[in-house]
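Asks: Here's a sequence, model it:
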Amino acid sequence: MHMRLIDGKVLNVLTGTKSTQCCPICGVTPTKVLEITDFSSETFTPKLGALKFGVSPLHAWIRFLEFVLNISYRIEIQKWHIKGDNKIKMSTRKKYIQEKILKDMGLRISMPKQNGNGNSNDGNTARRAFANTKLLSTITNFSEALLNNFYIILIAISCNYYINSEKFRSFWESTFCLYMQTYPWYPMSPTIHKVLVHGFQINNSTLVPLGCLGENASEERNKMYKKDRLSHARKNSRVNTMTDIFYRAIDSSDPLLSSVCLKERERKNKKKPLSKEVLSLLELSSTESKDSCEYENDSQSDSDSDYNIYYIELEEEDEVI
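Replies: Have a look, this model is predicted:
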């Protein structure tokens, strides 16, 4: 068994990474990321056993969007560390971009939620933003070619089909080089570095497609835990509260019970065909029709914990298999 349904903080603990700014796979620092432009550098050698924890595709969408926004806020200054008067310039541009995205794309970016639980950057927001890379590039002044590559990568690691390792590595390397040429003044965040540099290594070390090991299910459980605590747990002590929540989770995780509404959820989710760029990275057998490949798109949920896992739906003689 491998621990896959984890977030960045848990991964740092498991891999012994002391700083959140360092890559949890190889431990490289932001300064080293700026200095090293070789995709195959020995500095990026993974730690022993660090590749078995997956790429966390759901959170990757959010981190990629925040990464693009952080660069766009600084794109006029072109500095990683902001000091003095540059803070005012960055704040002004940040407010402009937030208002522009809200007006043109209908998305609330980096705004606190009313209940004080995090901000508005979730999985659905990131998917809708990357779905229109041309408009996002115009608003943020971020490289459209790089945005398109990010979008292809994010869909590829989220779908439930195997990825071709050789094509995977080649596309990742070209994206890495393009980024280093375009924004050499801003270091990659740990998540972007993990996906671009170590993505093909993680893909080679896993037995199932990367999208099958996404953390969507565990994130979805968070809402259920809150509901169970509010409506189905005793409140006379913490022990009783946690005991009731635990027993409730065991009951609801039974395969028979959890599959009752699965087909209905799949039916309601919208689907769009995968692009040719994404299909070129996948390993599809001759019996699988590439013309009918589809993926689940925007869910009606306002949370990042939904079932928008990208997958391929096959069709044969007008019937879905």
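
Asks: Against Ile157, how distant is the residue nearest in space to the middle of the chain?
Replies: Centroid-nearest residue in the chain: Ala60, 2.0 Å away (criterion: C-alpha atoms, centre = their mean). Distance of Ala60 to Ile157, given as C-beta to C-beta, to the nearest Å: 7 Å. To be clear about C-beta, it is placed using only N, CA and C from the backbone, and glycine gets the same treatment.

Asks: what residues are shared contacts of the two?
Replies: Val195 (C-beta atoms under 8 Å, 6 or more residues apart in numbering).

Asks: Is the residue nearest to the centre of the chain in a helix, a strand, or coil?
Replies: helix (DSSP: H, G, I helix; E, B strand; the rest coil).

Asks: Make sure it is actually in contact with Ile155.
Replies: No - using C-beta atoms under 8 Å as the test, Ala60 is too far from Ile155 to be in contact (10.8 Å).

Asks: So for stretch 118-135, what gets flagged as buried?
Replies: For stretch 118-135, the neighbour count (16 or more other C-beta atoms under 10 Å) marks 121-130, 133 as buried.

Asks: Turn those into a markdown table, including pLDDT and secondary structure.
Replies: Output for the buried residues of stretch 118-135, formatted as a markdown table (pLDDT from 0 to 100; DSSP: H, G, I helix; E, B strand; the rest coil):
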| residue | pLDDT | secondary structure |
| --- | --- | --- |
| Asn121 | 85 | coil |
| Asp122 | 83 | coil |
| Gly123 | 83 | helix |
| Asn124 | 84 | helix |
| Thr125 | 89 | helix |
| Ala126 | 90 | helix |
| Arg127 | 89 | helix |
| Arg128 | 90 | helix |
| Ala129 | 92 | helix |
| Phe130 | 92 | helix |
| Thr133 | 92 | helix |
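
Asks: Going by distance to Cys26, which of those wins?
Replies: Comparing the buried residues of stretch 118-135 against Cys26 with C-beta to C-beta places Ala126 closest, at 25.0 Å.

Asks: Could I get the contacting residues of that closest one?
Replies: Counting by C-beta under 8 Å, 6+ apart, Ala126 has contacts 61-62, 64-65.

Asks: Would you reformat those as a markdown table and include distance to Leu48, neighbour count and pLDDT?
Replies: Conversion of the contacts of Ala126 to a markdown table gives the following (distance: C-beta to C-beta, whole Å; neighbours: other C-beta atoms under 10 Å; pLDDT from 0 to 100):
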| residue | distance to Leu48 | neighbour count | pLDDT |
| --- | --- | --- | --- |
| Trp61 | 29 | 27 | 91 |
| Ile62 | 29 | 20 | 90 |
| Phe64 | 27 | 22 | 93 |
| Leu65 | 32 | 25 | 93 |
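
Asks: Taking the buried residues of stretch 118-135 together, which two end up most distant?
Replies: With C-beta to C-beta as the measure, no two of the buried residues of stretch 118-135 lie farther apart than Asp122 and Thr133, at 18.9 Å.
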